[in-house]
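A.B. asks: Need a 3D model of the following:
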Amino acid sequence: MNVVILAAGMGKRMQSALPKVLHPLAGKSLLGHVIDTARTLSPRKLCVIYGHGGAAVPEMVAQLNTGAHANIDTALQEPQLGTGHAVMQAVPQLDDDAPTLVLYGDVPLTTANSLQRLVEAAGTDKLAILTVEQANPFGLGRIIREGKQIVRIVEEKDASEAERTIREINSGIMVAPTRHLKKWLAALSNNNAQGEYYLTDIVAQAVADGVPVVSAQPSAEWEVAGVNSKVQLAELERRHQLNIANALLEKGVTVMDPARLDVRGELVCGRDVVIDVGCVFEGKVELADGVRVGAHCVLVDARIGAGASIKPFCHIEQAVVGAQSQIGPYARLRPGTELGQDVHIGNFVEIKNSQVAAHSKANHLAYVGDATVGSRVNIGAGTITCNYDGVNKFRTVIEDDAFIGSDSQLVAPVTVGKGATLGAGTTLSKDAPAGKLTISRPRQVTIENWTRPVKIKK
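C.D. replies: Reported below is the predicted structural model:
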């Protein structure tokens with residue numbers, strides 16, 4: 001199969017310098033969604049037609065054109081003279097022995113199942129069109145039939161009053177026998193209200209050539225919805241997120257409010273997972289059995305172990321959380337964080353590029369960066385690993401069963417030995433020996449005959 005994706009439009013109504021097809025939906029460009037769906041059909045040829053936006057679209061395509069998926073070609077449409085003219089640009093790259101599927105870079109939610117039905121309806125010798133009944137088809141091309149046979153498609157601006165009452169519309173998505181398609185494209189005319197070469201005009205040519213024109217329907221109307229404005233983009237974003245939420249619910253995940261969930265990548269959930277409102281998941285996030293994610297958390301490329309509890313307002317990025325751990329509220333786990341089993345990270349604690357072993361705790365107001373923390377360690381409130389000297393970063397090691405008193409500063413590189421205790425307020429610049437109490441604060445004194453300054457009256 002050949003696949004041609006039309007992605008040359010300017011998108012004036014988007015009110016943006018970014019080409020329309022590169023606007024994100026669920027963290028991926030509109031065009032990226034279409035390319036990913038097209039690839040599920042294992043096409044021999046995949047060609048993206050670009051125009052407005054200069055090199056931005058080819059650059060985005062090049063990022064996807066790697067490894068086993070390095071099969072995307074691009075072709076420039078300049079000037080833009082309609083959908084038929086756009087497909088003409090792909091003609092030199094099409095395999096005559098395979099049918100050609102035409103998709104649109106601003107129609108991101110068409111499912112692979114619907115496209116497969118369309119391909120099956122077309123076979124090797126028919127022209128197949130994805131059509132849908134719409135309550136308000138204004139502005140869209142109408143399907144004109146004689147009996148059950150499709151005989152042509154008429155655009156809104158060229159339609160008669162009677163034709164405008166037809167509710168079956170053309171999605172623009174179609175499959176055609178490639179040898180016929182090349183002949184039909186060469187015969188297109190731009191004698192219409194827009195002065196453009198309409199791809200839909202090949203329907204009349206197919207009828208004239210005796211090629212059957214058939215149709216298939218998507219499972220839902222939103223599958224053929226396009227994006228021409230930020231309003232429509234927002235509508236499709238919510239539709240897509242609701243689809244994701246419903247799929248999670250069907251798999252047994254408890255989503256407290258499907259209307260308040262954002263998945264911008266891949267979310268993999270085990271059994272009995274609970275997700276509260278307002279959570280955002282980006283990249284690949286894995287939630288094992290029994291994980292609970294509190295309200296308004298952001299998880300990016302993270303793995304959360306079984307039975308862990310992520311309390312509200314946490315931010316976890318490129319981090320691993322061990323089973324039965326408790327995180328938050330208001331905790332931040334930055335890239336390189338790896339927490340073992342039953343680790344407690346409390347409110348306003350930040351962990352970065354650190355490993356924390358099982359049963360250790362940092363429950364309040366601490367920063368642990370570039371550190372290796374053993375098991376059963378208690379890190380008191382206000383503790384800071386001072387890992388950066390302004391030029392280089394250094395590592396702190398805290399061994400098993402150590403106790404770090406509140407308001408301590410550990411000036412790396414430094415090691416706290418096994419079972420060591422640091423008294424509150426300690427600034428540690430040398431290694432603390434195992435099993436010993438280390439304290440660096442000065443002796444407390446009281447200044448006699450001292451008086452507090454008084455504000456001078458003006």
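
A.B. asks: Can you read off the backbone torsions of the nearest residue to Lys20 once chain neighbours are set aside?
C.D. replies: Take Lys20 and drop its neighbours on the chain: the residue closest to it by CB to CB, 6 or more residues apart in numbering is Gly11, 2.7 Å away. (Each C-beta comes from the backbone N, C-alpha and C, glycine too.) Main-chain torsions, Gly11, degrees, to the nearest 10: phi 70, psi 50.

A.B. asks: now do Gly265
C.D. replies: Torsion angles, degrees, to the nearest 10, at Gly265: phi 160, psi -130.

A.B. asks: Secondary structure class of the nearest residue to it once chain neighbours are set aside, three-state.
C.D. replies: Spatial nearest neighbour of Gly265, excluding adjacent residues (CB to CB, 6+ apart): Gly283 at 4.5 Å. The local conformation at Gly283, judged by DSSP: H, G, I helix; E, B strand; the rest coil, is strand.

A.B. asks: And for Pro453?
C.D. replies: Applying three-state DSSP: Pro453 is coil.

A.B. asks: What ranges does this protein have for its helices?
C.D. replies: 30-39, 56-64, 83-88, 112-122, 178-186, 202-208, 230-250 (DSSP state H).

A.B. asks: of all those helices, which lies closest to Val411?
C.D. replies: helix 56-64 (42.4 Å; CB to CB).

A.B. asks: The closest one vs helix 30-39, what angle?
C.D. replies: 50 degrees (axes from the mean of the first three to the mean of the last three CA atoms, to 10 degrees).

A.B. asks: shouldn't Val102 be in contact with Ile173?
C.D. replies: Yes - Val102 is within contact range of Ile173, at 6.4 Å (criterion: CB atoms under 8 Å).

A.B. asks: Point out where the stretch 1-150 of the chain drops to low pLDDT.
C.D. replies: 68-70 (pLDDT under 70).

A.B. asks: burial of Arg238, as a residue count?
C.D. replies: 11 (other CB atoms under 10 Å).

A.B. asks: and Val268, what does it touch?
C.D. replies: Lys284, Val285, Glu286, Leu287 (CB atoms under 8 Å, 6 or more residues apart in numbering).

A.B. asks: Counting neighbours, which of these comes out on top?
C.D. replies: Leu287 (26 neighbours).

A.B. asks: Now that that one has come up, it's in contact with Val273, right?
C.D. replies: Yes - using CB under 8 Å, Leu287 is in contact with Val273, at 4.9 Å.

A.B. asks: Identify the contacts common to these two.
C.D. replies: Val293.

A.B. asks: okay, the contacts of Val268 in TSV with distance to Gln326 next?
C.D. replies: Supplementary listing: the contacts of Val268 in TSV, determined by distance: CB to CB, whole Å:
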residue	distance to Gln326
Lys284	23
Val285	18
Glu286	18
Leu287	15
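
A.B. asks: Next, format those as a markdown table and append distance to Leu248 and pLDDT.
C.D. replies: A markdown table is the format used below for the contacts of Val268 (distance: CB to CB, whole Å; pLDDT from 0 to 100):
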| residue | distance to Leu248 | pLDDT |
| --- | --- | --- |
| Lys284 | 15 | 98 |
| Val285 | 12 | 98 |
| Glu286 | 13 | 98 |
| Leu287 | 10 | 98 |
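
A.B. asks: if we take these, which one ends up nearest to His344?
C.D. replies: Distances from His344 to those, taken by CB to CB, are shortest for Leu287, at 18.8 Å.

A.B. asks: residues touching that closest one, list them.
C.D. replies: Per CB under 8 Å, 6+ apart, neighbours of Leu287: Leu267, Val268, Cys269, Gly270, Val273, Ile275, Val293, Ile304.

A.B. asks: can you check His33 too?
C.D. replies: By CB under 8 Å, 6+ apart, the neighbours of His33 are Leu25, Ala26, Pro108, Leu109.

A.B. asks: quick one: Met256 from Asp262, how far?
C.D. replies: According to CB to CB, to the nearest Å, Met256 and Asp262 sit 14 Å apart.

A.B. asks: same thing with His52?
C.D. replies: When His52 is compared with Asp262 (using CB to CB), they lie 29 Å apart.

A.B. asks: Also Pro329?
C.D. replies: Computed as CB to CB, the Pro329 to Asp262 distance reads 19 Å.

A.B. asks: more neighbours, Met256 and Asp262?
C.D. replies: Asp262 (18 against 15).

A.B. asks: who's the nearest residue to that one once chain neighbours are set aside bridged to?
C.D. replies: Spatial nearest neighbour of Asp262, excluding adjacent residues (CB to CB, 6+ apart): Val280 at 4.6 Å. Beta-bridge partners recorded for Val280 (DSSP bridges): Asp262, Val298.

A.B. asks: So which bits of stretch 218-231 are buried?
C.D. replies: Going by neighbour count (16 or more other CB atoms under 10 Å), the buried part of stretch 218-231 is Pro218, Trp222, Glu223, Val224, Ala225, Gly226, Val227.

A.B. asks: oh sorry, the question was meant for stretch 259-272
C.D. replies: Arg260, Leu261, Asp262, Val263, Arg264, Leu267, Cys269, Gly270.

A.B. asks: now that stretch: how far from the chain's centre is it?
C.D. replies: Centroid separation between stretch 259-272 and its chain, computed with CA atoms, centre = their mean, to the nearest Å, is 11 Å.

A.B. asks: same check, this time on stretch 208-215
C.D. replies: That offset, for stretch 208-215, works out to 40 Å (CA atoms, centre = their mean).

A.B. asks: Stretch 212-224 too?
C.D. replies: 26 Å.

A.B. asks: what about that stretch, average pLDDT?
C.D. replies: Throughout stretch 212-224, pLDDT has a mean value of 95.

A.B. asks: Could you export that stretch as PDB, CA atoms only?
C.D. replies: Taking Å, rounded to 0.1, in the frame of the first residue of the first chain, the C-alpha atoms of stretch 212-224 are listed here in PDB:
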ATOM      1  CA  PRO A 212     -16.900   0.900  -8.600                       C
ATOM      2  CA  VAL A 213     -17.000   3.700  -6.100                       C
ATOM      3  CA  VAL A 214     -17.700   2.300  -2.600                       C
ATOM      4  CA  SER A 215     -17.700   3.700   0.900                       C
ATOM      5  CA  ALA A 216     -16.900   2.700   4.500                       C
ATOM      6  CA  GLN A 217     -17.800   4.500   7.700                       C
ATOM      7  CA  PRO A 218     -15.700   5.200  10.800                       C
ATOM      8  CA  SER A 219     -16.900   4.000  14.200                       C
ATOM      9  CA  ALA A 220     -17.400   7.600  15.400                       C
ATOM     10  CA  GLU A 221     -17.900  11.100  13.800                       C
ATOM     11  CA  TRP A 222     -14.800  12.500  15.600                       C
ATOM     12  CA  GLU A 223     -12.600  10.100  13.700                       C
ATOM     13  CA  VAL A 224     -12.900  12.400  10.600                       C
END
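
A.B. asks: List the contacts of that stretch.
C.D. replies: Residues contacting stretch 212-224 (CB under 8 Å, 6+ apart): 107, 109-111, 113-114, 117-118, 120-122, 125-132, 134, 143, 149-151, 171-173, 203, 206-207, 236, 239.
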